[in-house]
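> sequence plus predicted model, see below.
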Amino acid sequence: MKVTFITGNQHKVKEARGIFQQFDIRLEQVDLGYPEIQGELTDVACYGAKYAAKKLGKPVIVEDAGLFIKALEWFPGTYSSYVQSTLGNEGILKLMKNVHDRYAEFRSVIGFATPKTEPEIFLGVVGGNIAHHEKGKRGFAYDPLFKPESCDLTFGELTIEKKNELSHRRRSMESFAHWYEDFVENKD
Ligand code: ITT
């Protein structure tokens with residue numbers, strides 16, 4: 001089975017290829033760019049998938065993800081891209097100075113659409129805590145800040161295989177993959 005992943009983020013592609021291995025799904029990446037409307041992750045993923053499927057004339061997935069920190073009223077959330085490229089991880093750590101409750105979630109929403117069908121949505125969430133300092137050189141973006149539940153290391157300290165066992169992306173992509181197996185089987 002093949003599916004086209006619309007993204008400009010090579011880290012996501014690498015992680016997705018690892019996750020899809022066990023499902024026999026081959027991923028083609030297209031860095032098409034799509035209008036990121038302002039809204040919930042689900043709105044962005046729906047709109048993006050529909051737009052890209054129409055534009056390319058084939059089935060596609062897009063992913064919208066973000067880091068949601070409870071003590072900051074779930075900031076940066078849907079502003080994660082903007083905040084990563086402006087405040088960065090150091091800026092987040094400043095906002096979290098002297099904050100005791102460090103609970104946060106990484107959320108991932110996959111939108112799947114074909115030129116003829118309405119988007120399907122798959123959600124993945126992992127809870128965890130914001131570390132007091134950046135730790136680890138693996139992963140990308142917010143990874144050195146985030147310690148997933150039941151793990152003493154940040155995503156930035158984990159191998160890609162280990163991150164792929166625990167991550168929000170694993171959860172959303174796995175739930176998409178199960179659904180996609182049936183979709184492909186029943187298509188004709
Ligand atoms: P797309 O082309 O797929 O949109 P993107 O990097 O813009 O790639 P998102 O909008 O989904 O991705 O992500 C919002 C921000 O959150 C962005 O700065 C990402 O780098 C970051 N992010 C997403 N997933 C992450 C993960 O697993 N670990 C760390 N940071 C992540």
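Noted; the coordinates are in hand.

> could you list the buried residues of whichever helix in the chain runs longest?
Across the chain, the longest stretch assigned as helix under DSSP state H is helix 168-185. Going by neighbour count (16 or more other CB atoms under 10 Å), the buried part of helix 168-185 is 168, 169, 170, 171, 172, 173, 174, 176, 177, 180, 183. Backbone N, C-alpha and C define where each C-beta goes, glycine included.

> and those, which is closest to residue 158?
residue 170 (11.9 Å; CB to CB).

> residue 45 falls within a helix, correct?
Yes - the assignment for residue 45 is a helix, going by DSSP: H, G, I helix; E, B strand; the rest coil.

> ok, now which ones touch it?
62, 63, 64, 109, 110, 111, 119, 121 (CB atoms under 8 Å, 6 or more residues apart in numbering).

> out of those residues, which touch the ligand?
Contacts with the ligand are made by 63, 64 out of the contacts of residue 45, judged by CB under 6 Å from any ligand atom.

> out of the contacts of residue 45, list just those in strands.
Mapping those onto strands (DSSP state E) picks out 62, 63, 64, 109, 110, 111, 121.

> just the buried subset of those residues, please.
The neighbour-count test (16+ other CB under 10 Å) marks 62, 63, 64, 109, 110, 111, 121 as buried among those.

> what segments of the protein are strands?
Taking DSSP E as the criterion, the chain contains strands spanning 2-6, 26-30, 60-69, 75-76, 103-113, 120-130, 146-148.

> point out the most buried one among these.
Most buried of those, by mean neighbour count (mean count of other CB atoms under 10 Å): strand 60-69, with a mean of 25.

> compute the inter-axis angle for it and strand 103-113.
Angle, strand 60-69 to strand 103-113, by axes from the mean of the first three to the mean of the last three CA atoms, to 10 degrees: 170 degrees.

> which strands and helices sit next to strand 60-69?
Helices and strands touching strand 60-69, by 3 or more CB pairs under 8 Å, 6 or more residues apart in numbering; DSSP states H and E, are strand 2-6, helix 41-56, strand 75-76, helix 80-86, strand 103-113, helix 168-185.

> let's see 6 Å
strand 2-6, helix 41-56, strand 103-113 (3 or more CB pairs under 6 Å, 6 or more residues apart in numbering; DSSP states H and E).

> now do it against helix 41-56: the angle between them, please.
160 degrees.

> contacts for strand 60-69?
When contacts are defined by CB atoms under 6 Å, 6 or more residues apart in numbering, strand 60-69 is touched by residues 3-6, 41, 44-45, 48-49, 52-53, 74, 77-78, 80, 104-112, 142.

> give the rounded mean pLDDT of that strand.
Mean pLDDT, computed over strand 60-69, is 98.

> and stretch 17-32, by the same measure?
pLDDT averaged over stretch 17-32 gives 94.

> ok, now stretch 152-160?
98.

> now what about it, what contacts it?
Residues contacting stretch 152-160 (CB under 6 Å, 6+ apart): 131, 135, 136, 138, 139, 143, 144, 146, 147, 163.

> before I go, just wanted to say thanks for your time.
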